[in-house]
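Chemist: Prediction below, plus the sequence it came from.
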Protein chains: 2
Amino acid sequence: MIIKNLVIAASVACTGISIIWGVRKYRILKVDSRQDMDSHSNITMEPIVAAKSLEEELVPKIEIEKASPKLVQDITLPSPVTETKHKKNTKELKNPLQTSEYYTIEEFGAPNTLEYRVFLKKGTTYLSPFHDIPLFANKSKKTYNMVVEVPRWTNAKMEICKEEPLNPIKQDIKKGNLRYVANCFPHHGYIWNYGALPQTWENPNKVDERTGCRGDNDPIDVCEIGHRVAKRGQVIEVKVLGCFALIDEGEMDWKIIAIDVNDPLSEKLNNIDDVEKHMPGLLKATVEWFRVYKIPDGKPANQFAFNAEAMNKDFAHEVIHETHIYWKQLIHNQGTGLDLENLERTCVNVENSQFKVDGVKVAEIISALPTKQAPAPVSPEIDKWHYVHLQKL
Amino acid sequence: MIIKNLVIAASVACTGISIIWGVRKYRILKVDSRQDMDSHSNITMEPIVAAKSLEEELVPKIEIEKASPKLVQDITLPSPVTETKHKKNTKELKNPLQTSEYYTIEEFGAPNTLEYRVFLKKGTTYLSPFHDIPLFANKSKKTYNMVVEVPRWTNAKMEICKEEPLNPIKQDIKKGNLRYVANCFPHHGYIWNYGALPQTWENPNKVDERTGCRGDNDPIDVCEIGHRVAKRGQVIEVKVLGCFALIDEGEMDWKIIAIDVNDPLSEKLNNIDDVEKHMPGLLKATVEWFRVYKIPDGKPANQFAFNAEAMNKDFAHEVIHETHIYWKQLIHNQGTGLDLENLERTCVNVENSQFKVDGVKVAEIISALPTKQAPAPVSPEIDKWHYVHLQKL
């Protein structure tokens, strides 16, 4: 087993020492230090105790973040399945697209295949982006954590999987095929960073009084309109500016409009009207995008409530508040009024939830996953431009 | 030295044999064949004669295309600096984006740096995409070879370099910085595969009678509107449909509208009016794109002749014909009427040109280049969307 990027200050002295990593114990066989090395070293280790509950597949995936001096002294690494106080270095702290919580991702399987999964982690702890990431990034400022599912200008319809434990991000499947959203001219892929707010749920058993539609059974969706292209699985702190009331095949499917708080324009955008002022045409394009995007797949145009007008910030906060309450009922199994057997509520952080599990259970989930692989090829067909908006609307 | 992708049918028998590659001679030390191999093998070789005229950097870049049975029998590989009859296998022939001439590319330096270069090759022969690739792909069908400089939906302004020998593709530089074209909402990067027709030249010493403007001193530009995203340096066979007469800072800068002959829509597109019929809005977007794309960089809007109307196919063929004649004068140094010292006319295929060079000279050019490296990081600033079109026009 080789662990990359682990700084061992006293590397020579380590050989022969055993360390504990998660539920396994390893003996260090060899430390391969480079002369010019100030941040990297390859360490070869062999397992001493083979924990039967962990499959072999788990092992090659473990990559330790650049370690703190404390870690070197202890030589006992933090468990991958329990909370850790391990912090990233200050260089990474300055990355303005990193949230204050420092979530990271880990990929399993090959991108562009049915098996591909993206798990979210906090430190070395796997968690559910649906249930374990707090809705609020900063409650007093009313900023939210957003989980990015689809980076701007990409087509693969990635989403938080409601049906699998810890709700990894996976690509949506339609009739057995991976789903890629069509490019409708003049747009390329999604025109915002698209994702969801954690700890929210559009309850399909509740009729929205404003629109008469039931929830679509998903976390609430967000379009992040900052200038940066985010990364899949990234957690961004966003300021909410408004929302649209999309009716997707008869279901209520709110689309929150928000901006990364670290975007230079964020200071100037404080409500929905500011969007049109600083990004003229974006809201109109957003409505058009949602109306037409399923037409190339043979579906009808989507509808909007409120004459497709964008609702303001206060309205959006209220909608989010409601979906957060529905999520609380969901995670505590109270009054949802539905058989929710296929909705995965496994979580690691939600206190008093009957679905909260420990590190051993998490290790079981992770051990069943395929190792990360190189992306599978994608058909050039996904790059086609469809001209539906002018022909059919 | 390891050469990848070389099929040696009688691989075991090859060990110990010496081969000649370019101006060097190698001894085969080891052939690493896989059991399931039908197309790959790693070959380890050591140089027997170290040719001093070639720098060490050249060696790791050489990748031999899948070899024909003839090649295996000969075991003397074709020189990288002379013409070869070496053909690709039939599987690759089916790739509809590959031209009938099977051009390939070779990269030097790191993408997103000043040193990055993309050289074009035919077989193992380096050549100039400006001078050595024939203008016509099929003269009787009036289809042309197009060299792709900027793939659709990308921003790096890559172009055939007129000032360096063999005219590699490099990124344009503005005030010492690499040039990235701004995204003007709603567009993402270039909205077509953008490139040039080889063996054409917009003569800056000639005033175009139709527009009163002098040529911009470049090969003629092409917007390829097929559905596939092409690759940088790819050579595509295109059908010409029309053109726009862009006046770029007072210079004549024709923009040919064309489509890959292998695109499924190609059969239906036979003249400029068919573009609006099958791709409604694309020509209007093209005009808008060229008008505004330099505004975020502080430049004025571009102008068009002919009221920004698209000219038809016959008009475009005529313009191309003229620029081809100007190129002929250029490459044969006849009647250009200008001091052209900084225009690099080094070529390997143009008969009777005083600028034609042999393989030794080409090897010298290539040997001076840096080795290929991983891409340098790019500022997220290039992903910014600018809203100039609605604010300023």
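Modeler: Cool, got the structure.
Chemist: what does the stretch 51-200 of chain A put close to chain B?
Modeler: Residues of the stretch 51-200 of chain A lying close to chain B by CB under 8 Å from any CB of the partner chain are A:152-153, A:185-188, A:191. In short, each C-beta sits where N, CA and C put it, glycine included.
Chemist: Adding pLDDT and secondary structure, write those out as CSV.
Modeler: Formatted as CSV, these follow (pLDDT from 0 to 100; DSSP: H, G, I helix; E, B strand; the rest coil):
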residue, pLDDT, secondary structure
A:Arg152, 98, coil
A:Trp153, 98, coil
A:Phe185, 97, coil
A:Pro186, 97, coil
A:His187, 98, coil
A:His188, 98, coil
A:Ile191, 98, coil
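Chemist: okay, which residue is most central for chain A?
Modeler: For chain A, A:Gly233 is the residue whose C-alpha lies nearest the centre (CA atoms, centre = their mean; 3.4 Å).
Chemist: What's the biggest strand in chain A, counting residues?
Modeler: Counting residues, the longest strand found in chain A (DSSP state E) is strand A:235-248.
Chemist: now check it, is it near chain B?
Modeler: No. Against chain B, strand A:235-248 shows no contacts by CB under 8 Å from any CB, the least distance being 13.1 Å.
Chemist: for stretch A:215-226, same thing?
Modeler: No. Stretch A:215-226 does not reach chain B (CB under 8 Å from any CB); its nearest approach is 8.8 Å.
Chemist: ok so, going back, and the furthest pair within the residues of the stretch 51-200 of chain A next to chain B?
Modeler: A:Arg152 and A:Phe185 (16.9 Å; CB to CB).
Chemist: hang on, the earlier thing: any chance of the residues of the stretch 51-200 of chain A next to chain B in JSON lines, with neighbour count too?
Modeler: Shown next, in JSON lines, are those (neighbours: other CB atoms under 10 Å in any protein chain shown):
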{"residue": "A:Arg152", "neighbour count": "23"}
{"residue": "A:Trp153", "neighbour count": "19"}
{"residue": "A:Phe185", "neighbour count": "22"}
{"residue": "A:Pro186", "neighbour count": "23"}
{"residue": "A:His187", "neighbour count": "22"}
{"residue": "A:His188", "neighbour count": "23"}
{"residue": "A:Ile191", "neighbour count": "22"}
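Chemist: Would you agree A:Trp201 is in contact with A:Ile325?
Modeler: No. Checked against CB atoms under 8 Å, the pair A:Trp201 and A:Ile325 is beyond contact range at 9.1 Å.
Chemist: who's more crowded, the two?
Modeler: A:Trp201 (28 against 13; other CB atoms under 10 Å in any protein chain shown).
Chemist: A:Val118 is in what secondary structure piece?
Modeler: strand A:117-122 (DSSP states H and E).
Chemist: Determine the number of other residues adjacent to A:Ala156.
Modeler: 22.
Chemist: what do you get for A:Gly359?
Modeler: A:Gly359, neighbours per other CB under 10 Å, totals 17.
Chemist: tell me the SS of A:Leu114?
Modeler: coil (DSSP: H, G, I helix; E, B strand; the rest coil).
Chemist: Okay, domains of chain A per the record?
Modeler: A:2-77, A:97-390 (automatic domain parsing).
Chemist: Nearest approach to B:Ile105 belongs to which of these?
Modeler: Checking the domains of chain A against B:Ile105 by CB to CB gives domain A:97-390 as the closest, at 18.3 Å.
Chemist: Any idea what A:Tyr194 is bridged to?
Modeler: Under the criterion DSSP bridges, A:Tyr194 forms beta bridges with A:Val150, A:Cys223.
Chemist: Confirm for me that it is in contact with A:Val222.
Modeler: Yes. Using CB under 8 Å, A:Tyr194 is in contact with A:Val222, at 7.2 Å.
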